[in-house]
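Q: need coordinates for the below:
(2 chains)
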Amino acid sequence: MSLLGERERDAVASVWEHLAHDVGVRLDVGPVATPVALLAAGGREIDTNAEARALVEELCALSDRVTLELFEHQEAGAYPSLTVGAGLRYVGLPWGYELASVVQAVAVAGADGPALSEPSLERLGAIERPVSIDVFVTPT
Amino acid sequence: MLLAYRCALASPQITATAVEASEFPTWADRHGVMAVPAIVVDERPRWTGSVPEDVFVDRLLAAVRETGTAVSD
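A: Down below sits the predicted model:
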C-alpha cells in the first residue's frame, strides 16, 4: 500500500530533482524504551517503526541520488531514528509537516551551494568545540 | 528545524537532532518543553518558536559562549 499520494510523490521528486550530490539516509528501528500509544484517524494504533520504514522506503525510491540503509536493533532506544547525510537526525515518525522538513533536509544535504548566508557561515566557523542542537517538534 | 540542520551542515562542530515530542514525552519533559519548536543547546533549553537565520545564529552563539570559551573572536 502506498503511503504517499501521487501529488505528494510528484512534489518530493521535483524537490529532489535538483540534488547535486548523493545523499545517504539511514533508518534505525527497534523497541522503544517507553512506548506511547499514537492513534491514527479511526483509532488504529500506529506502529511507528513499521510506518517509518514503509514511508522512508517509499520516499527513497523517488530519487536515484538518495540511498537507504536500514538497521534493526534488539535493545530498546529512541526509535525510529532517521539520519540524513553526515549528521542530521530525526527521532520519531516523520509525518505531516515534519515529513516535508525531512524532504527539505535531504535537499539541503545534497545541494551544491552553502547551507547558510556568508555572515552566518563566518560566525559559526568560530565555534571550536562540539555543540549539539536538539529541536523538539510536533507533526501538526 | 531546518535552520538547525543548516547550521550542522555549515559547521563540522554542530550536530542537529529533531525529536518528535509527542512520541518521546519523557525526553521532552526533561527539558520542560511546553511549546514547539523548542530549541535545546548542549542539553539546556534555550528558546521556543521559529526565528530568522540571523537571530538563530545569534542565540546559538550566545548559548555556546555561556557554556564555555569555545568561540574564537
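
Q: drop to CA atoms for contacts and neighbour counts, all remaining ones
A: Will do.

Q: ok, which stretches of the chain are helices?
A: No chain was given, so I picked chain A. Taking DSSP state H as the test, the helices found in chain A are A:6-16, A:48-60, A:97-109, A:118-124.

Q: ah, I was thinking of chain B
A: Under DSSP H, chain B gives helices at B:2-10, B:25-30, B:53-66.

Q: which one of these is the most hemmed in?
A: helix B:2-10 (a mean of 22; mean count of other C-alpha atoms under 10 Å in any protein chain shown).

Q: near chain A at all, that helix?
A: Yes. Taking C-alpha under 8 Å from any C-alpha of the partner chain as the criterion, helix B:2-10 and chain A are in contact, through B:2, B:4-10.

Q: also stretch B:29-40?
A: Yes. Stretch B:29-40 lies within reach of chain A by C-alpha under 8 Å from any C-alpha, at B:33, B:36-40.

Q: report the two of those separated the most.
A: B:Val36 and B:Val40 (11.2 Å; C-alpha to C-alpha).

Q: can you give me the pLDDT of residue 50?
A: Since you didn't name a chain, this refers to chain A. We have a pLDDT of 93 for A:Ala50.

Q: to clarify, I was referring to chain B.
A: Model confidence at B:Ser50 (pLDDT) stands at 94.

Q: tell me the contacts of it?
A: For B:Ser50, the contacting residues are B:Pro37, by C-alpha atoms under 8 Å, 6 or more residues apart in numbering or on different chains.

Q: what about it, distance to chain A?
A: 11 Å (C-alpha to the nearest C-alpha, to the nearest Å).

Q: contacting residues around the longest strand that chain B contains?
A: Identified as the longest strand of chain B according to DSSP state E is strand B:14-20. With contacts defined as C-alpha under 8 Å, 6+ apart, strand B:14-20 is touched by A:87-94, A:130-139, B:1, B:4-5, B:7-8.

Q: again, but for stretch B:28-47
A: Against stretch B:28-47 from outside (C-alpha under 8 Å, 6+ apart): A:131-138, B:1, B:21, B:48-50, B:60, B:63-64.

Q: hang on, A:Ala33 packs against A:Pro80?
A: No. With contact defined as C-alpha atoms under 8 Å, A:Ala33 does not reach A:Pro80; the gap is 11.6 Å.

Q: still on that earlier bit, farthest-apart pair in the contacts of stretch B:28-47, please.
A: A:Thr138 and B:Val64 (25.6 Å).
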